[in-house]
Every structure is written in C-alpha cells, then in structure tokens.
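*Asks:* Sequence and predicted structure are below.
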Amino acid sequence: MKKIINIFNEWTVIELILLVTTFVLILGSGIIYKSSWITIIASLSGTIYALYQARGKVFGQFIGIIEVILYSYLSYNNQYYGEVLVYVLLILPLNIAGIFSWINNKNKKTNRVTQNKISNNEYIFLGIGSLLLFVCIYYLLRYFNTSELLISTFSVIIYVVATYLVVRRSKYGFLLYILSDVILILLWGIPILKGNLLLIPILIEPLILLFNDLYGWLSWNKESKKTN
C-alpha cells in the first residue's frame, strides 16, 4: 500500500484528475452500455498509455503494447482491417523500439525521458516516407474494403508518424497525437451514430486522449524550456 501511495505522490493534481476522470467515464459508460471487458480495458489502457507518455515515463511504453493488441482486436471486429495491419506491423514494433529508446535516454534524477531534437533531414525523410506510406495504406485498405476508407487512412498515417516522433523523444509527436484524436473521434463516432452504442467507451477514449495529449504537449514543451 505504501508503494502505491508513493507512486501517486509523484503525480501532479492535473495528472490525478485526468487519471480519475478516465476511470470514471470509461468504466461508467462501459457498465451503462454493457460493453465487453475487452472494450473497456482497451479504452483504459489507451488513455493510461497516453498519460504516462505525457509524464515522460518509460512504463507507458509497456502499456502501449497492451493497447495495440486490444485495439487491433476491436478494429478487426469493426472491419477496420487497415488499422489491424498497421498497428501490428508498424505501431507494435515502434512501441517495442520505444521501450529501449526511452530506457536508454532517461534522466536518473527525475526518472523522466530526456527530449531529443530531430534534424531537418530526418523530418524531410519522414515527410517523404509518410506520403509513400499513405499511398500504400490507402490501396491496402481499399483492397480489404475498409469502412470509412479516407478517414481510416489519415488516422493510421498520423498516428504512425506521431508514435515515431514520440519514440524518438520529440515533443512534436503530441501535436500529431492531438490531430489523431480528432480523427479517431470521427472514425468511431460514425458506427455509434449508426446505432452501435456498445462502442461508446471507445469514443470516450479519444475524447479523454485529446485532453491527455494536450497536457502532454504542454508538459513536454515546459520541460524542453527548462533544458534550453
């Protein structure tokens, strides 16, 4: 019990509010709409993953692996086949790489990951790679008759680039995460508007993620100013 208390002593008031709000909204909506435990756990893991990233803690990368597996399962059940392939083939390896990247670049005093300034050349290569990946994923998703093709493609690309940037310890990944959250709200809002109310906890997740990632951007931006 003391260890648990000590862990939460490191959290700020804002972080604790975000954490409690996450549990209350997702668990509450999951129970009300009788969602599966997989849906609820996937939503919880996704938001906790984002919050730990915002705090610059390595533990979040491990939670990210759980979130990828569960989200892929839910995406498959809702015919977002491209999401499944990209999460398994791209996001999962990035999360694994993130574990080693963050562990090897951690401030021993603050136990927080140190930030990295990405070169202009890397941004150029990233931009070119993103365009090529967009074309490949678009036609891949079209082959699988993926629901909401264009929105799903944008969602995948932006999330992949955002994850890459955060794995590379760049604060700008959080700006793309924010954009990804908005797209996810559209992506999961469509089947809900069509009557699938069981997915409401999944819709609540990007809504909470939006606040978490906004906090992540502010937190990392503040931290980068301290080191400059």
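*Replies:* All right, it came through fine.

*Asks:* which residues of the protein fall in helices?
*Replies:* In the chain, the helices defined using DSSP state H lie at 2-9, 13-32, 37-54, 59-77, 81-86, 92-103, 120-143, 149-167, 173-193, 200-227.

*Asks:* could I get those as JSON lines with mean neighbour count, distance to K109 and mean pLDDT?
*Replies:* For glycine as for every other residue, the C-beta is placed from the backbone atoms N, C-alpha and C. Listed next are the helices of the chain as JSON lines, based on neighbours: other CB atoms under 10 Å; distance: least, CB to CB, whole Å; pLDDT from 0 to 100:
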{"stretch": "helix 2-9", "mean neighbour count": "8", "distance to K109": "16", "mean pLDDT": "51"}
{"stretch": "helix 13-32", "mean neighbour count": "15", "distance to K109": "19", "mean pLDDT": "84"}
{"stretch": "helix 37-54", "mean neighbour count": "22", "distance to K109": "19", "mean pLDDT": "85"}
{"stretch": "helix 59-77", "mean neighbour count": "19", "distance to K109": "17", "mean pLDDT": "86"}
{"stretch": "helix 81-86", "mean neighbour count": "22", "distance to K109": "37", "mean pLDDT": "75"}
{"stretch": "helix 92-103", "mean neighbour count": "17", "distance to K109": "16", "mean pLDDT": "91"}
{"stretch": "helix 120-143", "mean neighbour count": "13", "distance to K109": "28", "mean pLDDT": "92"}
{"stretch": "helix 149-167", "mean neighbour count": "22", "distance to K109": "22", "mean pLDDT": "88"}
{"stretch": "helix 173-193", "mean neighbour count": "20", "distance to K109": "23", "mean pLDDT": "87"}
{"stretch": "helix 200-227", "mean neighbour count": "19", "distance to K109": "12", "mean pLDDT": "83"}
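
*Asks:* Serialize those helices to a markdown table and add fields for distance to T110.
*Replies:* A markdown table is the format used below for those (distance: least, CB to CB, whole Å):
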| stretch | distance to T110 |
| --- | --- |
| helix 2-9 | 14 |
| helix 13-32 | 15 |
| helix 37-54 | 14 |
| helix 59-77 | 14 |
| helix 81-86 | 33 |
| helix 92-103 | 13 |
| helix 120-143 | 26 |
| helix 149-167 | 18 |
| helix 173-193 | 18 |
| helix 200-227 | 9 |
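
*Asks:* and N111, which of these is closest to it?
*Replies:* helix 59-77 (10.0 Å; CB to CB).

*Asks:* who touches that closest one?
*Replies:* 38-39, 41-42, 45-46, 48-53, 81, 83-84, 87-88, 91-92, 95-96, 98-99, 102, 202 (CB atoms under 8 Å, 6 or more residues apart in numbering).

*Asks:* distance of Y215 from N104?
*Replies:* 25 Å (CB to CB, to the nearest Å).

*Asks:* show me what contacts the most centrally placed residue in the chain?
*Replies:* Per CA atoms, centre = their mean, the C-alpha nearest to the average position across the chain is that of A50, at 5.5 Å. Residues in contact with A50 (CB under 8 Å, 6+ apart) are G60, Y177, L209, N212, D213, G216.
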